[in-house]
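*Asks:* Sequence plus predicted model, see below.
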Amino acid sequence: MSQVPSIERLVSLTADSFLEFSDTPKLDAELLLCQVLDCNRTYLFTWPDKTVTTEQYLEFQSLCARRNKGEPIAHITGVRDFWSLELEVNPSTLIPRPDTETLVEQALELVQGQFSGTGLDLGTGTGAIALALAKELPKWQWLGVDYSSDAVELAERNRLKNQIENCQFKKSDWYSAINSQKFDLIVSNPPYINKQDPHLNEGDVRFEPLSALVAEDEGLADIKHILSKARSFLSRNGSVLIEHGYDQGESVREIFVQYGYEKVRTITDLSGNDRVSIGYLK
């Protein structure tokens, strides 16, 4: 084998090979190399001229081959950063995305000054939303539910990993196992993609469970179900925050109004796209 390239050169060459299919080719290369070297990205920036061993180089090439087939970085490394958390991820759930941090930000703004309360995260997946809010609101009690046992187990591992005590997870098909409990805030990033959407055949979503992505009724069926039932589980003056597609803001606001919510509005994400809609219990 010819001489192994330096860290800097290895990242550069790999990033070039990822250009055709990745929006973040350099970051992808850095994260895969960090996985092999068991280091953080600061190490790569601090020691750009260092070389890896032959064994490390071969392991890195193996990971790159998986990425070249389209497999998400998070599935290859088994982790994803979200908010201030490091979360374990696997193919049983959606990979947490930066857009969803918009929901966390809005939830925190919404309850600003409310010292304590109760919150429900429907379709919790990795537990990302519930755990982020539980960490930021230590006097609140959070419940995250998911119909998938694998997802509930994953969320619980993430709770333990991040040492968060004020959050629990349980198996529930939306509200089915919640009984008569009341919540001050209900949040959800439900399936909202139209099953005819061509983007389902592109990028990371090809490796994620369709059940966590796609909903009937042009992607709105689960949102309608959540909002139609939420009133029975909200405390007085409670509110609901729903993440949705960039082109669904108007439709989701109409659903809020249809089911009797007030002060309905939509918030945009960092790209300026409609991303989260809010409604309050009358």
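*Replies:* Sure thing, it's come through.
*Asks:* what separates Asp23 from Asp204, distance-wise?
*Replies:* Distance, Asp23 to Asp204, by Cβ to Cβ, to the nearest Å: 10 Å. Glycine gets a C-beta too; all of them are placed from N, C-alpha and C.
*Asks:* How about Arg41: what's its closest non-neighbour residue?
*Replies:* Distances taken as Cβ to Cβ, 6 or more residues apart in numbering put Glu30 closest to Arg41, at 5.3 Å, once the chain neighbours are dropped.
*Asks:* helices or strands up against the helix or strand encompassing that neighbour?
*Replies:* Assigning secondary structure by DSSP states H and E places Glu30 in helix 25-37. Where contact means 3 or more Cβ pairs under 8 Å, 6 or more residues apart in numbering; DSSP states H and E, helix 25-37 is packed against helix 7-18, helix 41-46, helix 54-68, helix 73-77.
*Asks:* List the buried residues for the longest one?
*Replies:* Neighbour-count burial for helix 54-68, with 16 or more other Cβ atoms under 10 Å as criterion, is recorded at 56-57, 59-60, 63-64, 67.
*Asks:* where do the strands sit along this protein?
*Replies:* Along the chain, counting by DSSP state E, strands occupy 79-82, 85-88, 117-122, 140-146, 167-171, 183-188, 193-194, 214-215, 234-243, 261-268, 274-281.
*Asks:* any idea which of those scores lowest on pLDDT?
*Replies:* Ranked on mean pLDDT, the bottom entry among the strands of the chain is strand 214-215, at a mean of 78.
*Asks:* Provide the contact partners of that strand at residue level.
*Replies:* 190-195, 200, 221-223 (Cβ atoms under 8 Å, 6 or more residues apart in numbering).
*Asks:* Between which two of the residues you listed is the distance greatest?
*Replies:* Greatest spacing in these, by Cβ to Cβ: Leu200 and Ile223 (17.9 Å).
*Asks:* Please name the residues that touch His225.
*Replies:* His225 touches Trp174, counting by Cβ under 8 Å, 6+ apart.
*Asks:* Distance check, it against Asn90.
*Replies:* 26 Å.
*Asks:* Kindly report the same for Pro190.
*Replies:* To Asn90, Pro190 is 20 Å away according to Cβ to Cβ.
*Asks:* More neighbours: which of these two?
*Replies:* When Pro190 and Asn90 are compared for neighbours, Pro190 comes out ahead with 21 against 15, by other Cβ atoms under 10 Å.
*Asks:* correct me, but the more buried one touches Leu220?
*Replies:* No - using Cβ atoms under 8 Å, Pro190 is not in contact with Leu220, being 9.7 Å away.
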